[in-house]
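[1] Next come a sequence and a model predicted from it.
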Amino acid sequence: MNITNLKKHESNHPELTLSDDGLIRMTYEEFRKLSIFHYFSEIELDSESECDTEIVMRGFTEWITKTKPTISIGWDWKLESSSSSPYYSLDGTPFSNLMFIDENKNNDVGKEITTKCLMKYIANSKWQKEVMDCLSERYS
């Protein structure tokens, strides 16, 4: 989707506001209609396990919308190398400035359900290639 179409697409959504607690509230379905873009990824050095024979590469990534205010979703990842084909996986739970609300738009669904919804969203997205491309460009 080009930037012109993106602006048109995202302007069809209700106006977003930042609550006093710093969170942006919307339903999960409203969120799924937004486009989210890779913003940044980084490798973190892991010094926890000096005695382990397996080296684990870990890092974090952040993704944003082009809405006002900006929605930010970040998570830690690790490069799984136990199988024949290494792959990136979510490591822990995501962090965000989002709080999902119920369909009636009256109540927060809570941090636990918001986190579970974000984990489902991340699991169904194709974020690994973007992270790999970013890290390859940055460190090569």
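    Sure thing, it's come through. Nothing here was measured: the structure is a model prediction, and the numbers come from that model. Residues are numbered from 1 along each chain as shown.

[2] Now do the helices in this protein.
    Under the criterion DSSP state H, helices of the chain are mapped to 3-11, 28-32, 111-123, 127-139.

[3] Now render the ones you listed as TSV, adding distance to residue 99 and mean pLDDT.
    Where C-beta positions appear, they are placed from N, C-alpha and C, glycine not excepted. As requested, those are exported to TSV (distance: least, CB to CB, whole Å; pLDDT from 0 to 100):
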stretch	distance to residue 99	mean pLDDT
helix 3-11	19	41
helix 28-32	11	95
helix 111-123	6	97
helix 127-139	22	93
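
[4] Helix or strand with the lowest mean pLDDT in this protein?
    With mean pLDDT, DSSP states H and E as the measure, the helix or strand of the chain carrying the lowest mean pLDDT is helix 3-11 (a mean of 41).

[5] distance of the closest residue to residue 86 other than its chain neighbours from residue 65?
    Once flanking residues are discounted, residue 86 sits nearest to residue 79: 5.6 Å by CB to CB, 6 or more residues apart in numbering. To residue 65, residue 79 is 27 Å away according to CB to CB, to the nearest Å.

[6] neighbour count winner among these two?
    The neighbour count for residue 79 versus residue 65, taken as other CB atoms under 10 Å, is higher for residue 65 (22 against 19).

[7] what's the closest non-adjacent residue to that one?
    Of all residues not flanking residue 65 in the chain, residue 71 sits nearest, at 4.3 Å (CB to CB, 6+ apart).

[8] who's in contact with the residue nearest the centre of the chain?
    For the chain, residue 73 is the residue whose C-alpha lies nearest the centre (CA atoms, centre = their mean; 3.7 Å). The contact partners of residue 73, taken as CB atoms under 8 Å, 6 or more residues apart in numbering, are 36, 62, 63, 64, 94, 95, 96, 98, 118, 122.
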